[in-house]
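*Asks:* pasting the sequence and the predicted coordinates here, then a few questions.
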Amino acid sequence: MRLSELKNAGRTPRLPLSLELADAAGPAQLQLLSLLRVLPGQRYVGAGVWRGRTVLAKLLVGNKAARHFQRELQGVRLLAEQGLTTPLLLADGLQEGEGGWLLFEFLEGAHSLGDAWEQVAALPVLADPQLDVLGQALAAIAELHARGLWQEDLHLDNLLRHDDKLYLIDGAGICVEHAGQPLSRQKVLENLGVFFAQLPKSLEPFTEELLVHYLLANPEHALPLEMLQKQVSKVRSWRLKDFLNKVGRECSLFSVQRGPFALRAIRREEEAAMLPVLEQADQLLDQGHLYKTGGAASVGRVEVAGRSLVVKRYNIKGLAHWFKRFWRPSRAWHSWREGNRLAFLGIATPKPLAVLEKRFLWLRSRAYLITEYLPGPDIIERFAPFVESGAAPESELVALEALFAELLKERISHGDFKGHNLFWQEDRWALIDLDSMCQHSSLSSFAPAYARDRARFMRNWPETSALYQLIDQRLPKTAL
């Protein structure tokens, strides 16, 4: 295959494939055996064999290939020139009309710090294994900053562990201020803001403690915690906006198809499993355990390949109802977007897996939402034994306070905060039925919405009961 042909190979080109590349020693065949990352029509990263040696190949194609190649090459050279640990570049080239390539030594058995974090993420907050991963990352970032460089696309997957060394990768994201001189304080704060913004919110109270690992490796600047927190907040807002844009377009995270007869979005890793579910959604609902049927929505638990799912079908009740719904995003789409919003913010909700809007010449009709199933009881059932005594488990009351605190912090209103929409999931309360959820841009719009949510939530129990009195005391009365 010619390198330029990769541009039209899509997301999953057939492997193995052979590409003829050239270096100073002349042309040679690259046998590409696997793909690790794909940006269709632009970038293909994978493992292969070149001149008898296993390599990591970065292949750049399309109209932007030359620019992406030069940026990658410049970043790789900056890392090497500053003596930072990075995979050895074995060969590179750029051919007009074809594309560019960079071949690196392959680090057999290497694992990213992102993989390492996944293995310890469920441990208690800032347990020693978590501290080890984050401490290594911050020390590497500090070393980078000490030499006047920063990683624009800073995340744990761009740091590889191999033979007790930590390797910096992804030259395309490497930027320079003054090579060999410590990075300015403003740039340090901005870049650390990118790093901390990607960590779970449960780690936010420990930012100062984690920052010590950075300062031990690079004490060049005093880093005021308040200034860093402002940067973190700024980056988090941008990342949320960027993520919500992705839930509705084709990308590495989501498979999205839009057309005059349907809009379909599926989490990329669930695509194979969800396609048949969407195709048979009506039949599955008919055979499943129905919680609600008829009217504006039908909801049921279904079993597919040994897995419990919830299918929610948004019905069109008649012509008048269709005239109200066809011109605006469906409630299924709204719930899909808001479910992904909550998941991104770390607020518990059933994982949204897929959504389908049926259309006729772009005019919307029936729609479907597929989510994971939560087996836990709702708060009405969970707290039923304690209505008169008020002796609800303290851990569950604390978790309820934590949920309300997150909703207040993010200015999120639910819109239908009845007890049947709040489920106990492991050690957290999870929100369901997000049709009316809203993240408000101002306190003036959020405050009355919060008051309505709280009032609806408190109506779950008799006002004279001990449980009502207890919860009423513990939950914030206003959004202020």
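*Replies:* Cool, got the structure. Given the structure is predicted, the values throughout are model-derived calculations rather than measurements.
*Asks:* isn't A281 up against L356?
*Replies:* Yes: using CB atoms under 8 Å, A281 is in contact with L356, at 7.4 Å. All C-beta atoms are positioned from the backbone trio N, CA, C, and that covers glycine.
*Asks:* now the common contact residues for those two.
*Replies:* Listed as contacting both A281 and L356 by CB atoms under 8 Å, 6 or more residues apart in numbering are Y368.
*Asks:* which of the two has more residues huddled nearby?
*Replies:* Shown here are A281 and L356; by other CB atoms under 10 Å, L356 has more neighbours (26 against 22).
*Asks:* and the more buried one, what does it touch?
*Replies:* So L356 contacts A262, L263, R264, L278, A281, A332, A367, Y368 (CB under 8 Å, 6+ apart).
*Asks:* I figured the last one hits W333, correct?
*Replies:* No: using CB under 8 Å, Y368 is not in contact with W333; the gap is 10.5 Å.
*Asks:* before we move on, the earlier item: in JSON lines, list the contacts of L356 along with distance to E270.
*Replies:* JSON lines is the format used below for these (distance: CB to CB, whole Å):
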{"residue": "A262", "distance to E270": "18"}
{"residue": "L263", "distance to E270": "17"}
{"residue": "R264", "distance to E270": "12"}
{"residue": "L278", "distance to E270": "11"}
{"residue": "A281", "distance to E270": "15"}
{"residue": "A332", "distance to E270": "16"}
{"residue": "A367", "distance to E270": "18"}
{"residue": "Y368", "distance to E270": "14"}
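*Asks:* which of the residues you listed fall within strands?
*Replies:* A262, L263, R264, A367, Y368 (DSSP state E).
*Asks:* quick one: the helices in the stretch 101-250 of the chain?
*Replies:* Along the stretch 101-250 of the chain, counting by DSSP state H, counting those that start in this stretch, helices occupy 113-120, 128-146, 185-197, 207-217, 225-246.
*Asks:* look up how far T207 lies from the closest residue in space to E190 that isn't next to it in sequence.
*Replies:* Once flanking residues are discounted, E190 sits nearest to Q231: 5.8 Å by CB to CB, 6 or more residues apart in numbering. To T207, Q231 is 11 Å away according to CB to CB, to the nearest Å.
*Asks:* okay, those two: which has more neighbours?
*Replies:* Higher neighbour count among Q231 and T207: Q231, with 20 against 15, using other CB under 10 Å.
*Asks:* need the contact list for that one.
*Replies:* Here Q231 is in contact with L189, E190, L192, G193, A197 (CB under 8 Å, 6+ apart).
*Asks:* and for G114?
*Replies:* Contacts of G114 (CB under 8 Å, 6+ apart): H155, L156, D157, L159.
*Asks:* closest to H414 out of those?
*Replies:* H155 (30.9 Å; CB to CB).
*Asks:* retrieve the pLDDT associated with the residue lying closest to the closest one once chain neighbours are set aside.
*Replies:* In space, H155 comes closest to Q198 once its chain neighbours are excluded; the distance is 5.6 Å by CB to CB, 6+ apart. If you check Q198, the pLDDT there is 93.
*Asks:* for Q198, give its distance to P129.
*Replies:* Counting by CB to CB - Q198 and P129 are separated by 18 Å.
*Asks:* domain-wise, how is the protein divided?
*Replies:* Per automatic domain parsing, the domain ranges recorded for the chain read 3-105, 111-238, 254-372, 379-474.
*Asks:* name the stretch from the ones you listed where average model confidence is lowest.
*Replies:* domain 254-372 - the lowest mean pLDDT of those, at a mean of 89.
*Asks:* circling back to that earlier point, shared neighbours, Q231 and T207?
*Replies:* Contacts common to Q231 and T207, judged by CB under 8 Å, 6+ apart, are absent.
*Asks:* contacting residues around the residue nearest the centre of the chain?
*Replies:* Nearest to the geometric centre of the chain sits F344, at 5.5 Å (CA atoms, centre = their mean). Contacts were defined as CB under 8 Å, 6+ apart; by that measure F344 touches R239, L240, F243, L244.
*Asks:* what about the residue lying closest to A405 once chain neighbours are set aside, how many residues close to it?
*Replies:* Nearest non-adjacent residue to A405, counting by CB to CB, 6+ apart: P476, 7.8 Å away. By other CB under 10 Å, the residues close to P476 number 13.
*Asks:* where does P476 land in three-state SS?
*Replies:* coil (DSSP: H, G, I helix; E, B strand; the rest coil).
*Asks:* how near is it to L403?
*Replies:* Taking CB to CB, one finds P476 at 12 Å from L403.
*Asks:* next: D453.
*Replies:* Counting by CB to CB - D453 and L403 are separated by 11 Å.
*Asks:* for L149, same thing?
*Replies:* Using CB to CB, L149 is found at 41 Å from L403.
*Asks:* one more: V55?
*Replies:* 49 Å.
*Asks:* now swap in G376 and tell me
*Replies:* 14 Å.
*Asks:* got it, and G180?
*Replies:* 49 Å.
*Asks:* and these two? Which one has more around it.
*Replies:* Counting neighbours by other CB under 10 Å for G180 and for L403 shows that L403 has the greater number, 18 against 12.
*Asks:* got phi/psi on the more buried one?
*Replies:* Note on L403: its backbone torsions stand at phi -60, psi -50 [degrees, to the nearest 10].
*Asks:* related to what we said a few turns ago, which residues touch the residue nearest to A405?
*Replies:* Counting by CB under 8 Å, 6+ apart, P476 makes contact with F404, A405, L408, R454.
*Asks:* how close does the residue nearest to A273 when sequence neighbours are not counted get to Q119?
*Replies:* Spatially, and ignoring its direct neighbours in sequence, A273 is nearest to A305 (7.1 Å; CB to CB, 6+ apart). Noted for A305: a distance of 26 Å to Q119, by CB to CB.
*Asks:* if you count what's nearby, which of these two comes out ahead?
*Replies:* Using other CB under 10 Å as the criterion, A305 and Q119 rank with Q119 on top: 12 against 8.
*Asks:* mind giving me the PyMOL command for buried ones among the ones in strands among the contacts of L356?
*Replies:* Selection of buried members from these for PyMOL, criterion 16 or more other CB atoms under 10 Å:
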select buried, resi 262+263+264+367+368
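*Asks:* okay, the ones in strands among the contacts of L356 in TSV with distance to D163 next?
*Replies:* Converted to TSV, these look like this (distance: CB to CB, whole Å):
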residue	distance to D163
A262	50
L263	48
R264	45
A367	52
Y368	49
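*Asks:* direction included, what does the strand ranked longest in the chain pair against?
*Replies:* Longest strand in the chain, counting residues (DSSP E): strand 26-39. Its sheet considered, strand 26-39 pairs with strand 17-23 (antiparallel), strand 43-50 (antiparallel) by DSSP bridges.
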